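[1] everything below, folded, please.
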Amino acid sequence: MVIFQCTIIQPAVKTFAIGLSALYYNTKLVNNIAFRCLCSYHNTTGHNNVAAGTNALFDNVTGYYNVANGHEALYKNTTGSYNVGIGFQTLYNNISGWSNTANGQSALYHNTTGDFNVAFGLSSLFHNTTGSNNMGINNSFILIPLEMIMYQSDTSHCIPIQQDMIMFLLGTNL
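    Residues are numbered from 1 along each chain as shown. Prediction:
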């Protein structure tokens with residue numbers, strides 16, 4: 001195992017970087033872990049982050065308490081905090097969204113500022129950009145508001161459910 005271009009700036013507290021240019025711009029170096037090349041590349045004062053995978057948390061600047069595991073997971077995150085992205089390009093476009101959890105390739109891919117979303121499965125909540133408090137399971141849904149069983153254009157406070165589940169709930173063939 002070889003450690004590449006890891007500059008330790010004092011005071012360094014529990015910071016670990018392995019890979020080409022991992023934590024390259026980091027100045028604070030407090031409780032960050034980066035594995036693979038270019039992960040947490042732009043991080044300056046963000047802290048308590050874990051990045052594993054090429055370009056994971058690449059644009060993170062001040063975001064904290066993030067976990068990015070997978071190629072380009074949380075790639076565009078700059079100030080978002082308390083996010084978890086596990087899988088290829090999960091939360092890829094997240095910029096300032098907080099407290100999101102995405103597990104599965106491209107889950108919450110287009111999320112930019114949405115908060116408190118949970119997405120499990122391939123491309124779940126793929127097109128969500130600013131909606132908050134949503135839950136997505138699998139990759140094909142219709143958004144269902146928690147207050148009533150009908151489609152609404154505002155994607156806040158919705159639970160995506162597969163179409164066959166809606167047919168079951170409504171007792172109809174959509």
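[2] which residue ranges of the protein form strands?
    Assignment of strands within the chain using DSSP state E yields the ranges 16-18, 33-35, 50-52, 67-69, 84-86, 101-103, 118-120, 135-137, 142-145, 158-161.
[3] by contact count, what packs against the third one?
    What that stands for is strand 50-52. strand 33-35, strand 67-69 (3 or more C-beta pairs under 8 Å, 6 or more residues apart in numbering; DSSP states H and E). C-beta here means a position set from N, CA and C on the backbone, and glycine is covered the same way.
[4] how near is N111 to Y65?
    17 Å (C-beta to C-beta, to the nearest Å).
[5] count the neighbours of S106 for me.
    Residues within reach of S106, counting by other C-beta atoms under 10 Å, total 22.
[6] would you confirm that it contacts G85?
    No - counting by C-beta atoms under 8 Å, G85 is not a contact partner of S106; they are 10.3 Å apart.
[7] what sits up against stretch 78-94?
    Residues from elsewhere that reach stretch 78-94, judged by C-beta atoms under 8 Å, 6 or more residues apart in numbering: 42, 56, 59-77, 95-112, 129.
[8] next, find the distance separating V118 from F58.
    From V118 to F58 the distance is 23 Å (C-beta to C-beta).
[9] of these two, which one has the most company?
    F58 (23 against 20).
[10] and the pLDDT for F4?
    F4 carries a pLDDT value of 46.
[11] compare the helices and strands packed on strand 50-52 and say which comes out lowest on pLDDT.
    Minimum mean pLDDT among the helices and strands packed on strand 50-52: strand 33-35, a mean of 66.
[12] how close does G104 get to N60?
    Taking C-beta to C-beta, one finds G104 at 21 Å from N60.
[13] A119 is in contact with Q105, isn't it?
    No - using C-beta under 8 Å, A119 is not in contact with Q105; the gap is 10.9 Å.
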